[in-house]
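Visitor: sequence first, predicted coordinates after that:
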Amino acid sequence: MTEPDSRTGSAAPGRGPAGIDTPRPELRDLERAFLQFVEATQELETNQLRLSAEVQRLSGDLARTNADLKQQIEAKGRLAEELSALLSALPTGVIIQQGGRIYAFNEVSMTMVPGLQVGHGWQVPREWTAIEASHYRTASDPEGGYLVRLESRELAHGRSMLLLHDVTATFRSRERAERESKLAAMGRMVAEIAHQLRTPLATATLYAGHLARPDLSSDRRERFGGLLNQHLAWLDGLVARMMSFLRSRPGHNQIVCVEELLRESKACIDPLYASRGVSLELDIQGGDQLLTVQPEQIRGGIVSILENALTVSHHGQAVCIRATAARSRLDIHIEDEGPGISGDMMRRLFEPFATGSAKGTGLGLAIAKAAIEAHCGQIHASNRPQGGAAFHIVLPVLEPL
């Protein structure tokens, strides 16, 4: 045991009161520091292991991201190649613009607009000729160059796309169709003119034939000469009306008497009926009432129906015209004793060129329908129960005072 210090009366260091060894304070501090160091080391090792695991995870994520990015870059590269091939294969010119300047274009654009350059501004070439809205002809020769339609589309990031559509084939087809349509219209017009001229010309020819007979008396020769002049004047007037129609000059309405209009219509074709032994009967009620019409058109329509009736009539048969004018309506019934109208022909009876006769033009009834409907009238056809065809015309007339 340590003896007490004779000078201080205290126990020696490291000894307790009972003589037991006790750690000195600096040793206790060192021990606590060592324990803290061990704990910190362990915690550091744990954090290092956790950090190492996180680094490994992030490295794996980075590797996968790099792989995905590489795949995306490769996919975008393939897509760019495919889009480039697609643009090259397109029959339409494509010009991409950015900031008012050409950014890219395909080969077709170069064909349509030689001299395109990236970085230059776009403008319609001066040699192009505008023919319609957004449509241009690239050459002065109508048979050469292209016909181009321009179309603009807005893209992302301030870019725009200009499409150059080659519509040459479409325009040429349309021009051919228009030419064919005009030729067809001219053909129909010629046929209509011929149809309108045929009846009065046949009548005039008939009168001229009578005048050529050597045994004709002077009175009858004078009468036939007057009738011939009358029908020649009618022909001249018809030609003048046709020329007026071709010049798009509309006719003028006139106020005419119902009876006068119908008797003039009958007189136009009476000689042809007489030459074939077919009687043409006229029965009028209320003939003093008035119509506001273009007499030539209505008379031509009625004569067309009468001529059609004559073609299906035989010697000894009759065609009857019955007209009734009452209040504001005129009803005209034209009936024949022919074979009637077949079901197929009835459906297209008033269509142009619809005819059951090899010698007919199929324009007579179409002309009649157009003339009557132009005067706010109506025309209908039907078959009579006892045989033959019946045409019913309705026209507005002026009410009597």
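Guide: Noted; the coordinates are in hand. Numbering: from 1, shown residues only.
Visitor: all contacts plus neighbour counts: C-alpha atoms, from now on.
Guide: OK.
Visitor: next SSE after the helix or strand bottoming out on mean pLDDT in the chain?
Guide: Lowest on mean pLDDT, DSSP states H and E among the helices and strands of the chain sits helix 218-246, with a mean of 72. With elements assigned by DSSP states H and E, the helix or strand that comes after helix 218-246 is strand 254-257.
Visitor: contacts for the helix or strand following that following strand?
Guide: Taking DSSP H and E as the definition, the helix or strand that follows strand 254-257 towards the C-terminus is helix 258-275. Residues external to helix 258-275 that are found in contact with it (Cα atoms under 8 Å, 6 or more residues apart in numbering): 199-200, 202-203, 206, 231, 279-280, 282, 284, 286-291, 295, 299-300, 302-303, 306-307, 310, 325.
Visitor: buried stuff in helix 258-275?
Guide: For helix 258-275, burial by neighbour count (16 or more other Cα atoms under 10 Å) applies to 258, 259, 261, 262, 265, 266, 268, 269, 270, 271, 272, 273.
Visitor: can you check stretch 151-165 too?
Guide: Using 16+ other Cα under 10 Å as the test for burial, stretch 151-165 gives 159, 160, 161, 162, 163, 164, 165.
Visitor: surely residue 286 touches residue 327?
Guide: No. Residue 286 lies out of contact with residue 327 (Cα atoms under 8 Å); the separation is 9.3 Å.
Visitor: in the stretch 251-400 of the chain, which ranges drop under the pLDDT threshold?
Guide: In the predicted model, the stretch 251-400 of the chain carries pLDDT under 70 at residues 251, 352-363, 400.
Visitor: tell me where it has helices.
Guide: Under the criterion DSSP state H, counting those that start in this stretch, helices of the stretch 251-400 of the chain are mapped to 258-275, 295-311, 343-347, 364-373.
Visitor: tell me who's in contact with the residue minimising distance to the centre of the chain.
Guide: Here the mean C-alpha position of the chain is nearest to the C-alpha of residue 174 (Cα atoms, centre = their mean), at a distance of 12.1 Å. Taking Cα under 8 Å, 6+ apart as the definition of contact, residue 174 has no neighbours.
Visitor: also residue 286?
Guide: Listed by Cα under 8 Å, 6+ apart, the contact set of residue 286 reads 258, 324, 325, 326.
Visitor: run the last query once more with 10 Å
Guide: Contact partners of residue 286, counting by Cα atoms under 10 Å, 6 or more residues apart in numbering, are 257, 258, 259, 323, 324, 325, 326, 327, 330.
Visitor: which residue packs closest to the fifth one, ignoring adjacent ones?
Guide: Think residue 324. In space, residue 324 comes closest to residue 285 once its chain neighbours are excluded; the distance is 4.8 Å by Cα to Cα, 6 or more residues apart in numbering.
Visitor: hmm, that neighbour is touching residue 321, no?
Guide: No. Taking Cα atoms under 10 Å as the contact criterion, residue 285 and residue 321 are not neighbours in contact, 11.2 Å apart.
Visitor: ok, those two, which is more surrounded?
Guide: Residue environment comparison for residue 285 versus residue 321 gives the larger neighbour count to residue 321, 20 against 15, counting by other Cα atoms under 10 Å.
Visitor: coming back round to it: next step: the buried residues of stretch 151-165 restricted to strands.
Guide: With strands taken from DSSP state E, the overlap with the buried residues of stretch 151-165 comprises 159, 160, 161, 162, 163, 164, 165.
Visitor: got those residues as a markdown table, with pLDDT and distance to residue 392 columns?
Guide: Putting these into a markdown table (pLDDT from 0 to 100; distance: Cα to Cα, whole Å) gives the following:
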| residue | pLDDT | distance to residue 392 |
| --- | --- | --- |
| 159 | 88 | 69 |
| 160 | 90 | 65 |
| 161 | 89 | 63 |
| 162 | 90 | 61 |
| 163 | 89 | 59 |
| 164 | 89 | 58 |
| 165 | 87 | 55 |
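Visitor: which member of those is positioned nearest residue 147?
Guide: residue 165 (8.3 Å; Cα to Cα).
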